[in-house]
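A.B. asks: how would this look folded up:
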Amino acid sequence: MAKKNLPLCPVSRTAFIIGSRWTSEIIRELVDNGARRFSDFEIALKGIAPNTLSNRLKMLEDHGVVERKIYDTHPPRSEYLLTEKGRNMRPIIDAMRAWGRESS
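C.D. replies: Sure thing, here's the model as predicted:
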């Protein structure tokens with residue numbers, strides 16, 4: 001869904017962006033560990049398909065939550081990191097973690 005087609009309700013908009021499978025886990029990895037490479041996500045998120053990971057990262061980039069930094073090295077390498085908008089999601093991830101601990 002394009003940014004212009006996001007729900008008007010702020011709660012619905014947030015749920016749309018972080019509510020799909022794996023998305024909150026990707027954000028959690030970045031909150032907890034800082035910049036991550038694609039392979040770091042594959043190791044940390046057991047069971048995620050590469051195409052799903054790629055799609056989620058692209059969606060998070062499109063919504064300004066994540067940025068991709070490409071290094072001019074040989075071989076080329078890139079890292080994903082949270083933007084300021086993404087870093088502002090830390091309290092959401094922390095609240096989800098706390099709620100999950102209390103609910104188990």
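A.B. asks: tell me which helix or strand the residue at the greatest distance from the centre of the chain sits in.
C.D. replies: In the chain, His74 marks the outermost C-alpha relative to the chain mean, sitting 26.5 Å out by Cα atoms, centre = their mean. Assigned by DSSP states H and E, His74 belongs to neither a helix nor a strand.
A.B. asks: for the lowest-mean-pLDDT helix or strand in the chain, packing partners?
C.D. replies: Within the chain, no helix or strand scores below helix 10-18, which has a mean of 87 by mean pLDDT, DSSP states H and E. Under the contact criterion of 3 or more Cβ pairs under 8 Å, 6 or more residues apart in numbering; DSSP states H and E, helix 10-18 touches helix 23-33. Just so you know, the C-beta spots here come from the backbone N, C-alpha and C atoms, and that holds for glycine as well.
A.B. asks: distance from the helix or strand that the helix it packs on is followed by to the middle of the chain?
C.D. replies: Per DSSP H and E, the first helix or strand lying C-terminal to helix 23-33 is helix 38-44. Averaging C-alpha positions (Cα atoms, centre = their mean, to the nearest Å) puts helix 38-44 12 Å from its chain's average.
A.B. asks: what helices or strands is helix 38-44 leaning on?
C.D. replies: If you count contacts as 3+ Cβ pairs under 8 Å, 6+ apart, helix 38-44 packs onto helix 23-33, helix 50-62, strand 77-82.
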